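Chemist: prediction below, plus the sequence it came from.
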Amino acid sequence: MTKPPSQATYCSVALPVPLRRLFEYQLPILENNIAQSFIGRRVEVKFGQQLLIGLVLSVQKTATYDPSKIKPVETIIDSQPVLPLELLSLCQWAARYYHHPVGETISTALPQALRHGKPGINTRPAWRLSTEGKGLPETALARAPKQQQALQYLLKHSNLSAEAAAQQNISNATLQAMSKKGLIEKTELVLETLNSGLSGEQLLSQESPALTAEQQVALDQIRYHQFNTYLLEGATGSGKTEVYLQMVARVLQAGKQALILIPEIGLTPQTVMRVRQRFNCEVAELHSNVSEAKRAQNWLAARDGCAHIIIGTRLASLSPMRDLGLIIIDEEHDLSFKQQDGLRYSARDLSIYRASKLNIPVVLGSATPSLESLHNAIHGRYQHLRLTKRAGVAKPPSIHLVDLRQKALTAGLCQDAISAIANTLSNGHQVMIFINRRGYAPTLLCHNCGWHAGCRNCDAQLTLHRSPPHLHCHHCGRQQAINRHCPECNNHQLTPKGLGTEQTEQWLQAQFPQVQVIRVDRDSTQRKQALSEYLEVVAKGEPCILIGTQMLAKGHHLPKIALVVVVDCDQGLLSADFRGPERMGQLITQVAGRAGREEIAGTVLIQSHTPDHPLLELLLSKGYHLFARELLKERQISKLPPITYMAMFRAESKRAEIAREFLSMVGKTFVDIAPPSPSVRYLGPIPSRMEKVNERYRYQFQLMCDSRAELQQVLDKALERIDQHALSKRARWSVDVDALEV
Ligand code: ADP
Ligand code: ZN
Ligand code: ZN
């Protein structure tokens, strides 16, 4: 083996592998100052038999172990850092805080194209004249007017981008034809960075309305040049979005960028639309409806300052920004901001950390703030801004609780609800019906022996679907034909049991054949554009019935909805998860907020079998805010988050004992490091709420500490040992800091 030269330089590389460490490689010989600029650049290295792409995190003169064993870097991919240092340190913080391997964390932040080694510079394909093309006079190509137009354009400008071609109405076919003749050729444009401030008139493409007094008070509280977390708690329709837009305007005028995070994109396309309508500047979207290639472009545009506003889902919180001035998190309570696998990060919490490092404001907006945020606002860690009245002409809806006990139900609806639906439709208005279960019925039951259709792979029942007819496990995805007779007793009387969206849809359509019944759930919206098409139909304003799951609860603005019916609100109250009541309160408030968004007065009917439940009464009589404060008191008494801090270990295995043994070892490790005390508590191993999913047995172990610092300390020490233990290689396991699902 040849000895590396004495002035060799070494680098620590973060590789996308599930190990909590960095890997050392040897760099080509470099001058000191050049070595520094290696940080943040991608390199290709040998890792065992594979070639992997990693990111350089540090460069050092001396190796930390035997230099003769350190392999050289195979290829240096970038000539400049692909990740700015700010994002790099954010990723490193996230890796530490969520106890996730740093290489995988960085990989999460990179768009797929860059993970695969595509160039890290922001270019757009374009056409330019070939040498032959350059020789042509302006009058050439007279017989093909479009080609002539392209030629004339290219004789004036150095290149023609796809955007410019679209503006000039020059089709791709025209350009292909010219390329075939050898007149033009493909090129790549490096995009210019935009970094000057935008002046007032340039910036707005639409007048902003005069703010309401409450909006103005909220806006006046914001300081733009220092870190602060603002909780903007505003009833649905109270004008939060308008406040965001005016803040964004301020930041853009100062020449900085704004980052707006929204829940799942399919559910909230209106926010994107409003941003685009208001501003005359580059808006880049980062979410799952954007193609991979476009996502990489937008990511680079954010990094290089070519985009002024970045709007996207959770993942956008990890986009590099050239000069970020403001972060907004709309519907901050939404669960989609927490990733449930891989890097289990909260885009909200990460953004707050990021804003603190950048010394900029971050705004959390919601009609139904999470208890976490509310707790922080009450204790003065966040500045609390409130909007209590609806903006514009809308009045708050009137909410009625309907006692279902002893009432006959048809397709889940009682007579009061059915009459209200009929009245609303005959008044020419629209109805929204909320059922938290998709499919036709939660299961198929044998009336004779009590057998019900269960999933072979999971501890779950198979949901009956009618369109198309099949049985479907919503946990592992298993699908099978509907049984003709009972496998236990051979009886033919198999009946659907319980209620799902399809059943109510079918019945309502038969009952109200003159109007359109539109169902919105995961099944009916599988096609990418389906949801926006449905919402367009509703937006036309004709009387119709919109029926669906919690997908409907998100921020849709549907002005013609006069009646909202919540078919069953009891689930959340009876839930085993301590967050059940919080979620129920959020859901009911959000769904109710869909009624009466403009001139039409809104009514909300909430059907319940437990109408005298004190929490439900509190929610409906006093509203979400006081309801949430009451829940916080309960969390205080039972020492649960957000009063305390929690991390969850989850393990699964085809053999139950492997997962259990692993978690017992985890438990012993913790007890050894920090014996249970009033301020450090453990629970487990216990079976997960659904023990078997997809043929795997699932267990969990939970730790709870009174302080965040203590939780992190104990986790650090324990994981070091757990990672070394042989059992940790046998079970599939994860650790989830600030877990939202228990
Ligand atoms: P939220 O984001 O709190 O649900 P929006 O910002 O969407 O509320 O506002 C609800 C409705 O009120 C929208 O139709 C919006 O255009 C309108 N609106 C908001 N602020 C004002 C204002 N200051 N003057 C008039 N209309 C407003
Ligand atoms: Zn039977
Ligand atoms: Zn299943």
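Modeler: Yes, it's here. Ligands and ions are numbered 1, 2, ... in the order given.
Chemist: any low-confidence regions in the stretch 351-500 of the chain?
Modeler: Counting by pLDDT under 70, the stretch 351-500 of the chain contains low-confidence ranges at 393.
Chemist: tell me the residues on it that lie near ligand 2, please.
Modeler: Cys446, Asn448, Cys449, Trp451, Cys486, Glu488, Cys489, Asn491 (Cβ under 5 Å from the ion). To be clear about C-beta, it is placed using only N, CA and C from the backbone, and glycine gets the same treatment.
Chemist: can you list these in CSV and add distance to Tyr645 and secondary structure?
Modeler: Below are these laid out as CSV (distance: Cβ to Cβ, whole Å; DSSP: H, G, I helix; E, B strand; the rest coil):
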residue, distance to Tyr645, secondary structure
Cys446, 47, strand
Asn448, 51, coil
Cys449, 48, coil
Trp451, 45, coil
Cys486, 49, coil
Glu488, 48, coil
Cys489, 52, coil
Asn491, 53, coil
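Chemist: show me which of these are buried.
Modeler: Burial by neighbour count, 16 or more other Cβ atoms under 10 Å: within these this picks out Cys446, Trp451, Cys486.
Chemist: who touches the first one in this structure?
Modeler: Same thing as Cys446. Neighbour list for Cys446: His452, Cys486, Glu488, Cys489, Asn491, Gln493, Leu494 [criterion: Cβ atoms under 8 Å, 6 or more residues apart in numbering].
Chemist: for the residue of the stretch 251-400 of the chain found nearest ligand 2, which three-state class applies?
Modeler: Per Cβ to the ion, Gln340 is where the stretch 251-400 of the chain lies closest to ligand 2, at 37.1 Å. Per DSSP: H, G, I helix; E, B strand; the rest coil, the local secondary structure of Gln340 is coil.
Chemist: tally of neighbours for it?
Modeler: Look at Gln340: counted by other Cβ atoms under 10 Å, it has 12 neighbours.
Chemist: same check, this time on the one 5 residues further on
Modeler: As a burial measure, Tyr345 scores 24 neighbours (other Cβ under 10 Å).
Chemist: and it, what pLDDT?
Modeler: According to the prediction, Tyr345 has pLDDT 98.
Chemist: would you confirm that it contacts His99?
Modeler: No. With contact defined as Cβ atoms under 8 Å, Tyr345 does not reach His99; the gap is 10.9 Å.
Chemist: quick revisit: for the contacts of Cys446, which one is nearest ligand 3?
Modeler: Using Cβ to the ion, those come closest to ligand 3 at His452, 13.9 Å.
Chemist: list the contacts of that closest one.
Modeler: So His452 contacts Thr443, Leu444, Leu445, Cys446, Gln461, Lys497 (Cβ under 8 Å, 6+ apart).
Chemist: up against ligand 2, what does the chain have?
Modeler: Contact residues, the chain versus ligand 2 (Cβ under 5 Å from the ion): Cys446, Asn448, Cys449, Trp451, Cys486, Glu488, Cys489, Asn491.
Chemist: let's see it at 8 Å
Modeler: Within the chain, the residues that sit near ligand 2 (Cβ under 8 Å from the ion) are 446-451, 486-491, 494.
Chemist: contacting residues around Lys146?
Modeler: Here Lys146 is in contact with Ile170, Ser171, Thr174 (Cβ under 8 Å, 6+ apart).
Chemist: how near is the second one to Gln702?
Modeler: Pointing back at Ser171 there. 60 Å (Cβ to Cβ, to the nearest Å).
Chemist: these two: who's more crowded?
Modeler: The residue with more neighbours, out of Ser171 and Gln702, is Gln702; 18 against 13, by other Cβ under 10 Å.
Chemist: tell me which element the more buried one falls in.
Modeler: Assigned by DSSP states H and E, Gln702 belongs to strand 696-705.
Chemist: quick one: neighbours of the closest residue to Tyr244 other than its chain neighbours, just the number.
Modeler: Distance criterion Cβ to Cβ, 6 or more residues apart in numbering; nearest residue to Tyr244, sequence neighbours excluded, is Ile328 at 5.0 Å. When neighbours are defined as other Cβ under 10 Å, Ile328 has 29 of them.
Chemist: again, but for Gln415
Modeler: 12.
Chemist: correct me if wrong: it contacts Leu404.
Modeler: No. Gln415 sits out of contact with Leu404 when judged by Cβ under 8 Å, with a separation of 10.8 Å.
Chemist: so which strand or helix has Leu471?
Modeler: Element membership for Leu471 (DSSP H and E) is strand 469-472.
Chemist: which strands or helices does that strand pack on?
Modeler: Where contact means 3 or more Cβ pairs under 8 Å, 6 or more residues apart in numbering; DSSP states H and E, strand 469-472 is packed against strand 463-466, strand 479-480.
Chemist: right, I'll call it a day here.
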